[in-house]
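Quick one: sequence and predicted model below, then my questions.
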Amino acid sequence: MDFNFSQDELDLRDGAREYLRDRCTPEVLRKLVEKNSADLGSWSEMIEMGLVGFLVPESAGGLGMCNTGFVLLAEEAGYVASPEPLIDVAGVAAPILALLGIDSAAEIAGGTSRVVTAHSLNPYVNQLQPTDKVLQFKDDAVSLSDASDIEVDAAESIDPLRRLSKIVSAKSIPIASGDEARHLAAKAASKGALFTAAELLGLAAAMIDMSKNYVVERKQFGVAIGTFQAVKHHLSTAFTKLEFARPVVYRAAATLSDDDEHAALHVAHAKIAAGDAAINAAEAAIQVHGGIGYTFEADLHLFMKRVWALTGLWGDRNYHINKVDRAVFDRRSKLGPATTFQSAGNAEGH
């Protein structure tokens, strides 16, 4: 499979990287926590850059890009632990509404509306604002509600920059039902899990970089602790797990874009691999930071808590392991090298 990205995708990633790393620094995140806020104040700028309308068709005012490009944006958002609900709004709600031909997709891309999501695998609404709308997937119905027509209770998150709300009741407008609603809910779940996996890749990369910088500066016995073999092993293992997880996530994005029959399985694999890589990176970072790694004074603190929050989002590890197990033990599933790697010779019957 060709994992090369288009030049447009790479250019948009580079623009997002430059913007996010300048705008969303650990110092800015700390100030938000101190103010008991999670509003980075960058949403309008992300709209202007086209990040929010990335998956919205050009005919509706978006960029008309696909999942393979959006995983790069999600990685960059993860690398800075951005509190903005980019995945919920731009990664899940916008493309689902675009599929239905609803005007809200164009409104999202244009910045006149923001739609967050609620799903059985993502039950708490994140960063709900009074002017928002909520796209809710429930049982065999999909509905759209104004925030003013929803009653919510605040829910506590381990991550101080995730502001969660639990929907108690809602006056909603049904936009899909029955088989169509179930199909859309499955699509939303796949997109949510895929882009959350990409965000976890970014978080893992950030924690590895933080640790690398720390072990170069921190000295014991007159030498940098990064020269110690045990420290090298922790970070090299974390880096290896990250690099092995990346192509799994990119493969899932490619097959999901192509509506491949195995896309849901690939997404499950991606969520497992990215979650494991991020947890390992967090554990390695704590090890090499020592006692300070457990304190709020270490920037690592904010990234670790985001990882812990996201690993259970859009299906936890057990949920996705069960999906993989069912595929492995289902005799109808085509598994193994004969079906995964088909050479030109095999294709011609040789």
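Arrived safely, thanks for sending.

Show the subsequent helix or strand relative to the host helix or strand of Lys271.
Assigned by DSSP states H and E, Lys271 belongs to helix 263-289. Sequence-wise, the next helix or strand downstream of helix 263-289 (DSSP H and E) is helix 300-310.

Show me what that following helix packs onto, helices and strands only.
Contacts defined by 3 or more C-beta pairs under 8 Å, 6 or more residues apart in numbering; DSSP states H and E place helix 300-310 against helix 26-34, helix 178-217, helix 263-289. Where C-beta positions appear, they are placed from N, C-alpha and C, glycine not excepted.

thinking again about what came up before, can you give me the angle the helix holding Lys271 makes with helix 178-217?
Here helix 263-289 points in a direction 20 degrees away from that of helix 178-217 (axes from the mean of the first three to the mean of the last three C-alpha atoms, to 10 degrees).

What ranges in the stretch 201-350 of the chain fall below the confidence cut-off?
219-221, 224-229, 331-350 (pLDDT under 70).

now the helices: where do they sit in this structure?
All helices of the chain, identified by DSSP state H, fall at 7-23, 26-34, 43-48, 67-79, 86, 94-99, 104-110, 178-217, 229-257, 263-289, 300-310, 317-329, 337-340, 344-347.

Name the residues of stretch 160-173 that are buried.
In terms of neighbour count (16 or more other C-beta atoms under 10 Å), stretch 160-173 has its buried residues at Pro160, Leu161, Arg162, Arg163, Leu164, Ser165, Ile167, Ala170, Ser172.

gap between the two ends of stretch 114-133?
This stretch, stretch 114-133, spans 6 Å end to end (C-alpha to C-alpha, to the nearest Å).

quick check: mean pLDDT across that stretch?
Throughout stretch 114-133, pLDDT has a mean value of 95.

can you list the domain ranges for the protein.
The record, using automatic domain parsing to delimit domains, assigns the chain the ranges 7-177, 182-331.

thinking again about what came up before, return the most buried member of the helices and strands packed on helix 300-310.
When you average the neighbours per residue for each of the helices and strands packed on helix 300-310 (mean count of other C-beta atoms under 10 Å), helix 263-289 leads with a mean of 24.

on contacts alone, who are the packing partners of it?
helix 178-217, helix 229-257, helix 300-310, helix 317-329.

Alpha carbons only: can I get stretch 234-253 in PDB?
Extracted C-alpha coordinates of stretch 234-253, given in PDB (Å, rounded to 0.1, in the frame of the first residue of the first chain):
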ATOM      1  CA  HIS A 234      13.200   3.300  27.600                       C
ATOM      2  CA  LEU A 235      13.100   6.000  25.000                       C
ATOM      3  CA  SER A 236      14.200   3.700  22.100                       C
ATOM      4  CA  THR A 237      11.400   1.300  23.000                       C
ATOM      5  CA  ALA A 238       8.800   4.100  23.100                       C
ATOM      6  CA  PHE A 239      10.100   5.500  19.700                       C
ATOM      7  CA  THR A 240       9.900   2.000  18.100                       C
ATOM      8  CA  LYS A 241       6.300   1.400  19.300                       C
ATOM      9  CA  LEU A 242       5.400   4.800  17.900                       C
ATOM     10  CA  GLU A 243       7.000   4.200  14.500                       C
ATOM     11  CA  PHE A 244       5.300   0.800  14.300                       C
ATOM     12  CA  ALA A 245       1.900   2.300  15.100                       C
ATOM     13  CA  ARG A 246       2.100   5.100  12.500                       C
ATOM     14  CA  PRO A 247       1.700   3.000   9.400                       C
ATOM     15  CA  VAL A 248      -1.200   1.100  11.000                       C
ATOM     16  CA  VAL A 249      -3.000   4.400  11.500                       C
ATOM     17  CA  TYR A 250      -2.200   5.600   8.000                       C
ATOM     18  CA  ARG A 251      -3.400   2.200   6.500                       C
ATOM     19  CA  ALA A 252      -6.700   2.600   8.400                       C
ATOM     20  CA  ALA A 253      -7.100   6.100   7.000                       C
END
